[in-house]
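Participant: I would like the atomic coordinates for the input below:
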Amino acid sequence: MLSRLDPGHRPVYEASGGAEARAKLDGGNWQILILDRQLPDLDAEELAQITERLYPGVQVVLVDSRSDADTEHGLGNLRQKPEWSEGGLHSVTRHSTNRPEIIQRHSEKNQVDKDNDAPLPEMIGDTEPMRHVYRMVRLVAQRSTTVLITGPTGSGKELVARAIHQLSDRSGNAFSVLNCAAIPEGLIESELFGYVRGAFTGAAQTYAGRILAAQGGTLFLDEIGELPLNAQSKLLRFLEQKEVQRLGSAETTRVDVRVVAATNLDLAAAVERGSFRAADLFFQLCAFPIGLAPLADRAADILKLTVFFLRR
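Facilitator: Numbers count the residues shown, from 1 in each chain. Model prediction:
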């Protein structure tokens, strides 16, 4: 939860996770950030440290949703702090921003923001929608969090996926790509999870599958909205258990693979229609969403893209 600095009242805004909260911090004069230690995408302690370093005027409060009791820095402390009473917080904030070390932190923040806003490998554009994408990619790249990239066809979803892989500590390992719309429905499971020799007619030799081929690296599932229903349940199990069972085998294999998925569909609407598995798989995939804006929303990038393609 975020509370904006307001002389009259203090409206409260919610974020679905650490990534959304981090994005909102860029956009206003916030007063308090209340962080649940059980964030679905980022480490709360690390996000708290980043916030205190880059946004020194924001008070950070950590709470734990798993406990009924207030934590050491929880909501009970927040309600009791006299300096956060009406009018008091304003004076504290004004006083803190005049300290030399805070000025230095603001300078560091400007440099960090400049670095985070720099274009990703092979990506073109410096409009705000693109800079937001660059920031989100750099925020999540070093984690193993599952990422869902959404956007119109041709907006650069695979480039974003490759940038996530290249900026992660998995960059030395495989980046395996599977276009879910390009594989026949009857073959998608064997292509993903592999099979052993003799598992079905034509299985003349054992095949590892795309997931095992990406061991230690990243699996990019393009057009995830086209994944057949029978494969969706097996993918959900893999995301939950991090285990693969090849077709025709009773053995399971533990794997370390980071999954990045992409779609040009509205998956939430697909869940409602029943064409995509119920919310369990959707929410597993959507642990860290990154949305790409259509070119119509970033017209200032058109000239740069035009020059790039003409030269190419």
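
Participant: quick one: low-confidence parts of the stretch 101-250 of the chain?
Facilitator: 101-115 (pLDDT under 70).

Participant: do a quick rundown of the helices in it.
Facilitator: 128-140, 157-166, 188-193, 210-213, 229-241 (DSSP state H, counting those that start in this stretch).

Participant: which residues are in contact with the third one?
Facilitator: The one in question is helix 188-193. By Cβ atoms under 8 Å, 6 or more residues apart in numbering, the surrounding residues in contact with helix 188-193 are 178, 180, 183, 199-200, 203, 207, 209-211, 227-228, 230-231, 234-235, 238, 244-247. C-beta coordinates here come from the backbone N, C-alpha and C atoms, glycine included.

Participant: same thing but at 7 Å, please
Facilitator: For helix 188-193, contacts defined as Cβ atoms under 7 Å, 6 or more residues apart in numbering pick out 178, 180, 183, 209-211, 227-228, 230-231, 234, 244-247.

Participant: show me which of those are buried.
Facilitator: 178, 180, 183, 209-211, 227, 231, 234, 244-247 (16 or more other Cβ atoms under 10 Å).

Participant: surely C180 and L221 touch.
Facilitator: Yes: C180 is in contact with L221 according to Cβ atoms under 7 Å; the separation is 6.0 Å.

Participant: phi, psi of the residue lying closest to G198 once chain neighbours are set aside?
Facilitator: Leaving aside its sequence neighbours, G198 sits nearest to G248 (Cβ to Cβ, 6 or more residues apart in numbering; 6.5 Å). Note on G248: its backbone torsions stand at phi 90, psi 0 [degrees, to the nearest 10].

Participant: which residues touch G248?
Facilitator: When contacts are counted by Cβ under 7 Å, 6+ apart, G248 is found next to Y195, V196, G198, A199.

Participant: which residue, other than its chain neighbours, is closest to the last one?
Facilitator: Among residues not flanking A199 along the chain, G248 sits closest, at 2.6 Å (Cβ to Cβ, 6+ apart).

Participant: next one: that neighbour from K304, what distance?
Facilitator: G248 sits at a distance of 51 Å from K304 (criterion: Cβ to Cβ, to the nearest Å).

Participant: same check, this time on I32
Facilitator: I32 is 39 Å from K304, where distance means Cβ to Cβ.

Participant: show the end-to-end separation of stretch 202-214, please.
Facilitator: This stretch, stretch 202-214, spans 24 Å end to end (Cα to Cα, to the nearest Å).

Participant: list the contacts of that stretch.
Facilitator: By Cβ under 7 Å, 6+ apart, the surrounding residues in contact with stretch 202-214 are 174, 176, 178, 191-197, 219, 238, 244, 246, 253, 255, 257.

Participant: now with 10 Å, please.
Facilitator: 165, 170, 173-178, 183, 188-199, 215, 219-221, 235, 238, 242-244, 246-249, 253, 255-259 (Cβ atoms under 10 Å, 6 or more residues apart in numbering).

Participant: which of the residues you listed count as buried?
Facilitator: If we count by 16+ other Cβ under 10 Å, the contacts of stretch 202-214 have these buried: 165, 170, 173-178, 183, 188-196, 199, 215, 219-221, 235, 238, 242, 244, 246-247, 249, 253, 255, 257-259.

Participant: hang on, the earlier thing: and the buried ones among the contacts of helix 188-193 as JSON lines, adding distance to Y13?
Facilitator: Formatted as JSON lines, those follow (distance: Cβ to Cβ, whole Å):
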{"residue": "L178", "distance to Y13": "37"}
{"residue": "C180", "distance to Y13": "35"}
{"residue": "I183", "distance to Y13": "42"}
{"residue": "G209", "distance to Y13": "43"}
{"residue": "R210", "distance to Y13": "40"}
{"residue": "I211", "distance to Y13": "38"}
{"residue": "L227", "distance to Y13": "34"}
{"residue": "A231", "distance to Y13": "38"}
{"residue": "K234", "distance to Y13": "38"}
{"residue": "V244", "distance to Y13": "40"}
{"residue": "Q245", "distance to Y13": "43"}
{"residue": "R246", "distance to Y13": "47"}
{"residue": "L247", "distance to Y13": "47"}
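
Participant: lovely, talk soon.
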